[in-house]
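Participant: dropping the sequence and predicted coords here.
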Amino acid sequence: MLKHLKDILPRLTSHGVGEKRVLLSAGETETAVTQIAVTTLHAGETANGHSHATMEEYFFFLHGEAALTIDGERTACHEGDFVQIRKGTFHTLEAVSEVEVMTIGIATEM
């Protein structure tokens, strides 16, 4: 399978802000991957706090600056930063500038 990011139509994220382009979804793989996507948030947009009971989430920041709050600890994230969010961990992502981030979800229970 070969996909090019620019050929994938953007859609609203499940958080109701920004947009994502899904590179791989759970139905396209027999692995524990739930989704691989490139998400764009505009400056000031926030993916409100949440956690995932049965999934780990990974963020790889491609462009821009964001504030990621994990269990109450706020961290600035920039291009090249990689963050692991363990299952059950409460987190919030806020775009300080327009930010582009690759998100990877992996199920911990199948």
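Facilitator: Yep, it's here.
Participant: any low-confidence regions in this protein?
Facilitator: 110 (pLDDT under 70).
Participant: residues of stretch 74-92 that come out buried?
Facilitator: Judged by neighbour count using 16 or more other CB atoms under 10 Å, the buried positions of stretch 74-92 are 77, 81, 83, 85, 91, 92. (Each C-beta comes from the backbone N, C-alpha and C, glycine too.)
Participant: err, stretch 1-17, not the other one
Facilitator: For stretch 1-17, by 16+ other CB under 10 Å, it's 13, 15, 17.
Participant: okay, and the nearest residue to the first one once chain neighbours are set aside sits in which element?
Facilitator: Which is residue 13. Excluding its sequence neighbours, the residue lying closest to residue 13 (CB to CB, 6 or more residues apart in numbering) is residue 20, at 5.1 Å. For residue 20, the host element (DSSP states H and E) is strand 19-25.
Participant: hey, C-alpha coordinates of stretch 39-48 in CSV?
Facilitator: Only the C-alpha atoms of stretch 39-48 are listed here, as CSV (Å, rounded to 0.1, in the frame of the first residue of the first chain):
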residue,chain,number,x,y,z
THR,A,39,-3.3,16.1,12.5
THR,A,40,-3.2,19.9,12.0
LEU,A,41,-4.4,22.2,14.8
HIS,A,42,-4.6,26.0,14.2
ALA,A,43,-3.1,28.4,16.8
GLY,A,44,-5.4,28.5,19.8
GLU,A,45,-7.2,25.2,19.1
THR,A,46,-7.3,22.7,21.9
ALA,A,47,-8.0,19.0,21.9
ASN,A,48,-9.7,18.9,25.3
